[in-house]
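**Q** Sequence plus the predicted model coming up.
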Amino acid sequence: MSNGNVEKAILAEMGKPRSGLIDRVTRHNQILMHNYKQSVARSCECQLLGCPRSFSIILVPNQVLYPKYCEAHRSEFRRQNFLRGFSGQPAVYRVETFRVLTEPESPPSTGA
C-alpha cells in the first residue's frame, strides 16, 4: 500500500463509530485533520503521561497521520522505561488495590 492509499483508508474509516484501523493507527500516532495547501510547521505536546516536552512536526498536504510522542519517546521501550521511572517518583499519586485477609479483632468489651 502506498502512502496515499493509507491516508485514503484512514479518511474513509473516520466516519465509522468504531474502526479497527483507526484504533491500531492511533495507538502510536495521532490524526491531525487539516486543509493546508503548503507544508506548515507546528508544535505538538508529547502525549506520554508525565512528559512535559514539545516537538515540532511538519503538516504536509494530503497527510493526516503524524507522531504522537516526542523524539525521546518514539520507541515502545523508551516509553515504558520513562513510565517506570515516572511512577517511582514520590510526588506521583497512585492507588494500589488491596484486600482484607483477616477480620480485625474486636476490642474487649467492658462490662458494667
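**A** That came in fine, so what should we check first?
**Q** Do I have it right that residue 31 meets residue 67?
**A** No: assessed by CB atoms under 8 Å, residue 31 is found out of contact with residue 67, at 11.4 Å. Quick note: C-beta positions are derived from backbone N, CA and C, even for glycine.
**Q** contact partners of stretch 28-45?
**A** 10, 14, 22, 25, 47, 53-61, 64-69 (CB atoms under 8 Å, 6 or more residues apart in numbering).
**Q** do that again at 7 Å, thanks
**A** Residues outside stretch 28-45 that contact it (CB atoms under 7 Å, 6 or more residues apart in numbering) are 10, 47, 54-61, 64-68.
**Q** Restricted to helices, list those residues.
**A** residue 10 (DSSP state H).
**Q** Helices of this protein, residue ranges please.
**A** So, for the chain - with DSSP H - the helices run 3-13, 20-25, 76-87.
**Q** The ones you listed: lowest mean pLDDT?
**A** Among those, helix 3-13 carries the lowest mean pLDDT, a mean of 75.
**Q** so what's residue 11 up against?
**A** residue 64.
**Q** Starting from residue 56, give me the distance back to it.
**A** 24 Å (CB to CB, to the nearest Å).
**Q** What about the residue lying closest to residue 26 once chain neighbours are set aside, how many residues nearby?
**A** Nearest residue to residue 26 in three dimensions, chain neighbours excluded: residue 68, at 7.6 Å (CB to CB, 6 or more residues apart in numbering). Look at residue 68: counted by other CB atoms under 10 Å, it has 18 neighbours.
**Q** For residue 68, what are phi and psi?
**A** Backbone torsions for residue 68, taken as degrees, to the nearest 10, come to phi -100, psi -20.
**Q** residue contacts, residue 63?
**A** residue 7.
**Q** confidence score at it?
**A** Confidence for residue 63, expressed as pLDDT, is 88.
**Q** Same question for residue 112.
**A** 55.
**Q** returning to what we had before: so which of the contacts of stretch 28-45 sit within strands?
**A** For the contacts of stretch 28-45, membership in strands holds for 54, 55, 56, 57, 58, 59, 65, 66, 67, with DSSP state E as the criterion.
**Q** Farthest-apart pair in those residues, please.
**A** By the measure CB to CB, these have their two most distant members at 54 and 65, which lie 19.1 Å apart.
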